[in-house]
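In: Curious how this folds, go ahead:
(one chain, ligands or ions: 1)
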Amino acid sequence: MKINNYVKVSSVKEAYSILEGSSKATIIAGGAWLRLTPAEIDEAVDLSGLGLDSIDVNDGFVEIGSMATLRQVEKSDIVKSLCNGIVCDAAEKIMGVTVRNIATIGGTISGKYGFSDLITPLMVLDTELEFHERGRVSLVEFMDETAKIRDILLKIRIPMKEGRGWFETIKITAIDFPILNAAVTRIDGKTKIAVGSRPYKAVLAEMAMAYVDTCGKHDADCAERAAMTAIAEIKFGSNSRGSANYRKQLCEALVKRGLREVMS
Ligand SMILES: Cc1cc2nc3c(=O)[nH]c(=O)nc-3n(C[C@H](O)[C@H](O)[C@H](O)COP(=O)(O)OP(=O)(O)OC[C@H]3O[C@@H](n4cnc5c(N)ncnc54)[C@H](O)[C@@H]3O)c2cc1C
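Out: Model prediction:
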């Protein structure tokens with residue numbers, strides 16, 4: 001990565017006006033991922049001086065500043081209180097502490113990385129994103145969009161609801177990228193299932209979710225059929241970490257396991 005001009009901004013407004021003024025300006029959060037890319041950045045906009053790294057409860061939501069590091073998220077008691085701490089579980093399984101001390105939740109979401117372990121559990125928690133210009137949008141809607149963002153992600157908002165949650169990621173070694181990950185929640189009598197690192201970006205298994213909510217009994221048979229529905233509706237691909245067929249088999253096992261955990 002080569003940076004031609006570096007600006008540590010003192011307000012979000014200043015950061016946005018630089019972004020608006022040049023198509024070659026790029027936001028830098030932790031910079032952990034950007035520094036691995038060959039990109040030449042004309043103007044690097046550093047958000048680290050804006051105090052966007054707090055984790056608070058506000059108006060029934062856990063609000064995580066976009067510059068909070070994965071380590072802050074992993075260690076937060078507030079985040080841990082959400083659905084068996086699935087977001088903390090996911091954060092602590094990303095690389096080692098040195099990377100987690102640098103990489104941010106905002107960089108993770110803005111990048112929409114297919115390999116993300118964090119986006120998958122956030123998708124089953126009805127997460128909202130707050131951008132400087134656009135305002136609020138659901139994470140699921142944001143993940144569906146293909147256009148590149150030219151905005152500044154300020155906060156990640158998760159409703160504080162009682163519920164059960166489960167997350168798992170399958171990796172060849174603890175510090176590798178995932179082969180597949182999955183998250184399941186049961187909140188207010190509704191089930192959500194997300195599958196990520198397919199190797200494509202995370203998606204909700206909408207048909208499987210609808211099936212679970214129509215099951216008369218939440219038993220092993222319901223979990224089995226929902227898992228079969230999930231593998232039929234989700235697209236899987238192959239890469240150096242695993243074939244599409246292997247991912248399909250992992251998905252079936254993970255969805256079944258997750259459902260049994262949250263429905264028991
Ligand atoms: C070696 C390595 C291994 C990794 N392994 C895993 C893994 O196994 N699982 C996993 O889930 N993740 C993994 N990650 C990714 C990591 O979790 C982060 O997703 C990644 O580092 C991006 O966060 P960052 O703070 O470094 O973002 P940056 O590199 O600073 O930015 C990433 C992108 O997001 C944009 N951006 C950042 N913040 C904002 C904002 N507030 N508003 C708008 N745009 C913004 C930037 O312009 C850039 O395009 C790994 C990262 C590294 C470096």
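In: which other helices and strands contact the host helix or strand of K155?
Out: K155 is located in strand 153-159, with elements delineated by DSSP states H and E. Packing partners of strand 153-159 (3 or more Cβ pairs under 8 Å, 6 or more residues apart in numbering; DSSP states H and E): strand 61-65, helix 105-111, strand 128-131. Just so you know, the C-beta spots here come from the backbone N, C-alpha and C atoms, and that holds for glycine as well.
In: rerun at 10 Å
Out: Contact partners of strand 153-159 among helices and strands, from 3 or more Cβ pairs under 10 Å, 6 or more residues apart in numbering; DSSP states H and E: strand 55-58, strand 61-65, helix 77-80, helix 105-111, helix 119-123, strand 128-131, strand 135-138, helix 139-144.
In: For stretch 17-31, buried residues please.
Out: Applying a neighbour-count criterion of 16 or more other Cβ atoms under 10 Å, one finds I18, L19, A25, T26, I27, I28, A29, G30, G31 buried in stretch 17-31.
In: okay, now the residue lying closest to R134 once chain neighbours are set aside: neighbour count?
Out: Sequence neighbours aside, D151 is the residue nearest to R134 in space, at 5.4 Å (criterion: Cβ to Cβ, 6 or more residues apart in numbering). Residues within reach of D151, counting by other Cβ atoms under 10 Å, total 17.
In: residues contacting R257?
Out: R257 makes contacts with W166, E168, A182, V184, A223, A227, as judged by Cβ atoms under 10 Å, 6 or more residues apart in numbering.
In: now the helix or strand in which it is found, how far from the centre of its chain.
Out: Under the criterion of DSSP H and E, R257 resides in helix 244-263. The chain centre lies 19 Å from the centre of helix 244-263; the measure is Cα atoms, centre = their mean, to the nearest Å.
In: State the mean pLDDT of stretch 113-128.
Out: Averaged across stretch 113-128, pLDDT comes to 98.
In: try stretch 253-263
Out: Averaged over stretch 253-263, pLDDT sits at 97.
In: Helices of the stretch 151-264 of the chain, residue ranges please.
Out: With DSSP state H, counting those that start in this stretch as the criterion, the stretch 151-264 of the chain has helices at 206-214, 220-233, 244-263.
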